[in-house]
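Student: Here is the input, now give the coordinates:
(chains A and B)
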Number of protein chains: 2
Amino acid sequence: MDRLSVSDRDFIIRLRAVLGETHVLTEPVDMAAYLQEPRGLFHGTALAVVRPATTQEVACILKLSAEAGIAVVPQGGDTGLVGGQIPIAGTKPLVLSLTRLDRLREVDLHSDTMTVEAGMTLAAVQEAADAADRLFPLSLASEGSCTIGGNLATNAGGTNVIAYGNARALVLGIEVVLADGRILHDLSKLKKDNTGYDLKDIFIGSEGTLGIITAAVLKLFPKPRSRATALIGLADPRAAVDLLTFARNEAGGSIIAFELIPRIGIDFVLKHTHGNQDPLAKTHLWYVLIELASPQTEGLDDILLRILQGAMEKGLIEDAAVAATLAQRDAFWRLRELLSEVQGREGGSIKHDVSVPIADIPDFLSEVEATLTEKVPGARPVPFGHVGDGNIHCNISQPLGADKQEFLDCWDEVNTIIHAIVAKYHGSISAEHGIGQLKRALLPNVKDPVALDVMRTIKQALDPQGLLNPGKVL
Amino acid sequence: MDRLSVSDRDFIIRLRAVLGETHVLTEPVDMAAYLQEPRGLFHGTALAVVRPATTQEVACILKLSAEAGIAVVPQGGDTGLVGGQIPIAGTKPLVLSLTRLDRLREVDLHSDTMTVEAGMTLAAVQEAADAADRLFPLSLASEGSCTIGGNLATNAGGTNVIAYGNARALVLGIEVVLADGRILHDLSKLKKDNTGYDLKDIFIGSEGTLGIITAAVLKLFPKPRSRATALIGLADPRAAVDLLTFARNEAGGSIIAFELIPRIGIDFVLKHTHGNQDPLAKTHLWYVLIELASPQTEGLDDILLRILQGAMEKGLIEDAAVAATLAQRDAFWRLRELLSEVQGREGGSIKHDVSVPIADIPDFLSEVEATLTEKVPGARPVPFGHVGDGNIHCNISQPLGADKQEFLDCWDEVNTIIHAIVAKYHGSISAEHGIGQLKRALLPNVKDPVALDVMRTIKQALDPQGLLNPGKVL
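Tutor: Numbering: from 1, shown residues only, chains lettered A, B, ... in the order given. Just a heads-up that it's a prediction; the model follows:
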């Protein structure tokens, strides 16, 4: 603390009076873990890291910060991919870690709700639901370490959005600490409440720039008791979109996954891994992995067969295999889940987190292919992902035999090409990961200027000093 | 226009330049229909009624109004029950009727969306979905005349909320004209888009006090192809809540109605109508009408039977009848749908639009009964409605033989009693209808003061002149 100004020193003393010595970290060695994210892409600086254990402590910290004019960067499991949770390098804010605020406050099985604190990991939330014989459907690769507070702050997506919606759709109420330290109590369990503006949804997805979510009432769902899974070969993305439309009218909300995979992705898996096999007798240009789930124990197989039969008659699909065993289901899913990893083994891969309207997926993918062929000859698109959400992971693998670093140096250029096509189809350049630091400069290019101005107006109104997560989003 | 000031006259001339003579009404006889609602409970005054036909015209009107400092009251089908759509008596705002802005802009069957203008009636929206072989599930008593814009402005509920959510949950994007006349373009079809704050949900449900919704992208759903319906007799509301929990774990999202009916309600129907009969062999203190629906053509009957059998074994229900024909289904539903009407024939009825957490419904209803027995001897609660949303229409019929007007004079007193019990269970005093003029004075008593202050902050930020629907909500 030698280099601290008198006022900063006084501020730290006040924080320690509230939190105790051990939960106000100021030594670089103690703070280090909170100032970079796992991939090492973002490095930040801070005055201190604070670790409150209660909402009241969070409120005290924000009150002290507002009085001292010191910025606050909220942080959950530090797994965000756009640098939202890391302070801007060269600045001296507080990092407010929510990981000690991790109590399960209540499970209410009649209301089908669970009240959780922000610092619970997503896995802990899922387990608590499971222990109550319920499903909390949000599911992400980082679920073991990301926190539910971070999930809500970033409106996380994941693999079950087609059936259950994104994080925002899973919340009935929230508790938020405002920029001035006041606590907004809205831990409502109500499904119908029209007493005034919907405040919760303005905080959810605001990446900690409008307030700090300290707790939430989450919706619980019946556990699926049966699943039916098929891997389907088809001609092109248009057939996949037609198949989704057809399947949705047969199976409605029981479709819990509808994943598109290009042949090149299957080729990468077969080339770079052992123990996986080509899933169908012949090769196909595109594949769809479809999964249905239901709280009933039977009936799904018939529905799936009816979908496949109908789709075959309509000429939408070329071949299909239904998983007869759990091992077969796992084999199908492995093909999908290995796609990111095998792209890494194939050399450089430039990634995008984009979405477009479902109806436009085929044209979008054609245009990506055509434009890249022209502008980055040899680059190989490996687009895969959630057709039902319009959310295609539009990853581009390097040309065969090209220099990896040389290709990765085109990252911004390729991003610009893809994002321009996304914009043409009124899509999103951040379907899941948010804006954070990474895409902040891009936002004015893609957002309706009036929408952006309304965002700024709301930010100014709720955080007039600009102390909450500065340099993020706006 | 004789009594108009020079500036008002100039303003009207400018409006006519934009809209033409016929769509700027200033004669009392022309304006009358727009200045009271159907029940005659709210009467307003206005400078003029304007009827724009395009978003651009709405934008011009708001720009002119902002420049002139004249308030604007948006109005859809004029069916709201809390006076939100009627100007405050004695004031001279513009009434902006959206009924001419009624085009179906697009149906996109692959994205499962429909883009509609605010002035389409809900029935027209439902019909357009139906014509496209899809379901738009929002359904209300006033659907023939209410507009989708009004439904969104008030976040309407209705009978299908248990399965599909309220109006807010059915929207992907909106187009809004702001207080200063700028147009916010957010007619997004994206299911995943994390580029900044969720602006749409702050406008939806804000009752026209933050902006005027001119169009929306709505979600479409597969049409149900089968239904299964049962009328169940049971001992008390706790059994009903236990039954819902049990049924939800068996049938998940296929439960599209779960309506509670007290015996007194059945008695009223049998007493005041012809052609309806006691639905079960014996009488029961409480009844539940349950309905399942599915896009599949078969399978639901088995699920319903499994639920009833399981519930019987658990001692949750006393008797049940499954509708074997469409006529039987209609007969069950008639018992439910006649409840409002027959209460009117039974004398005075004091109504409440409240919700509580589902788990608290039994205690809430016991407390209502006990408190009323003590404070308004003889008053007869007839609570019925949507258990799955915690939304019980907690209507109170007059004591037998009492004077109707004398009982209705207790309206505020009875409201106060019920609302106090609602508050104790963290419920809502306006589950569906909104705040409008009617409940504006009550809001500070029931809303978290910080939440109320954040609402005021947002109102001030988005409508600094206070011109949008003044005297409503806040």
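
Student: From now on I want contacts and neighbour counts done on CA atoms only, so please keep to that.
Tutor: Will do.

Student: Quickly check: stretch A:404-415 near chain B or not.
Tutor: No. Judged by C-alpha under 8 Å from any C-alpha of the partner chain, stretch A:404-415 makes no contact with chain B; its nearest approach is 15.7 Å.

Student: And for that stretch, what's in contact with it?
Tutor: The contact list for stretch A:404-415, computed with C-alpha atoms under 8 Å, 6 or more residues apart in numbering or on different chains, reads A:Gly347, A:Gly348, A:Ser349, A:Ile350, A:His352, A:Gln398.

Student: how distant is that stretch from the center of its chain?
Tutor: Going by C-alpha atoms, centre = their mean, to the nearest Å, the spacing between the C-alpha centre of stretch A:404-415 and its chain's C-alpha centre is 24 Å.

Student: buried sites along that stretch?
Tutor: A:Lys404, A:Phe407, A:Leu408, A:Trp411, A:Val414, A:Asn415 (16 or more other C-alpha atoms under 10 Å in any protein chain shown).

Student: Same list, those residues, but as TSV with pLDDT and secondary structure please.
Tutor: Putting the buried residues of stretch A:404-415 into TSV (pLDDT from 0 to 100; DSSP: H, G, I helix; E, B strand; the rest coil) gives the following:
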residue	pLDDT	secondary structure
A:Lys404	95	helix
A:Phe407	95	helix
A:Leu408	95	helix
A:Trp411	94	helix
A:Val414	96	helix
A:Asn415	95	helix
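
Student: Looking at those residues, spot the one nearest chain B.
Tutor: Nearest to chain B among those, counting by C-alpha to the nearest C-alpha, is A:Asn415 at 15.7 Å.

Student: roughly how far apart are that closest one and B:Tyr164?
Tutor: 37 Å (C-alpha to C-alpha, to the nearest Å).

Student: next one: A:Pro362
Tutor: 29 Å.

Student: next one: A:Ala32
Tutor: 46 Å.

Student: cool, and A:Ala441?
Tutor: Distance of A:Ala441 to B:Tyr164, given as C-alpha to C-alpha: 37 Å.

Student: go on, A:Phe11?
Tutor: From A:Phe11 to B:Tyr164 the distance is 50 Å (C-alpha to C-alpha).

Student: do A:Gly173 as well
Tutor: For A:Gly173 relative to B:Tyr164 (C-alpha to C-alpha), the value is 18 Å.

Student: Ok, A:Arg9 next?
Tutor: The gap separating A:Arg9 from B:Tyr164 is 54 Å, by C-alpha to C-alpha.

Student: again, but for A:Ser188
Tutor: 19 Å.

Student: Comparing the two, which shows the higher neighbour count?
Tutor: More neighbours surround A:Ser188 than the other of A:Ser188 and B:Tyr164, with 23 against 17 (other C-alpha atoms under 10 Å in any protein chain shown).

Student: Please, which helix or strand holds the closest residue to that one other than its chain neighbours?
Tutor: Using C-alpha to C-alpha, 6 or more residues apart in numbering or on different chains and skipping the chain neighbours, the partner closest in space to A:Ser188 is A:Gly173 (4.5 Å). A:Gly173 belongs to strand A:171-177 when assigned by DSSP states H and E.

Student: Output that strand as PDB - backbone C-alpha positions only.
Tutor: Extracted as PDB, the C-alpha positions of strand A:171-177 are listed here (Å, rounded to 0.1, in the frame of the first residue of the first chain):
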ATOM      1  CA  VAL A 171     -35.400 -15.500 -14.000                       C
ATOM      2  CA  LEU A 172     -38.500 -14.300 -12.100                       C
ATOM      3  CA  GLY A 173     -36.900 -11.800  -9.800                       C
ATOM      4  CA  ILE A 174     -33.600 -10.200  -8.800                       C
ATOM      5  CA  GLU A 175     -31.900  -8.300  -6.000                       C
ATOM      6  CA  VAL A 176     -29.500  -5.600  -7.300                       C
ATOM      7  CA  VAL A 177     -27.200  -3.100  -5.600                       C
END
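
Student: That one pairs with which strands?
Tutor: Using DSSP bridges, the strands paired with strand A:171-177 in its sheet are strand A:183-186 (antiparallel), strand A:212-219 (antiparallel).

Student: Compare the ones you listed and give me the one nearest B:Arg248.
Tutor: Closest to B:Arg248 of the strands paired with strand A:171-177 is strand A:212-219 (C-alpha to C-alpha; 13.1 Å).

Student: helix or strand right after the closest one?
Tutor: Counting by DSSP H and E, the next helix or strand C-terminal to strand A:212-219 is strand A:221-222.

Student: how about that following strand against chain B, any contact?
Tutor: Yes. Remark: strand A:221-222 sits within contact range of chain B at A:Phe221, A:Pro222, by C-alpha under 8 Å from any C-alpha.
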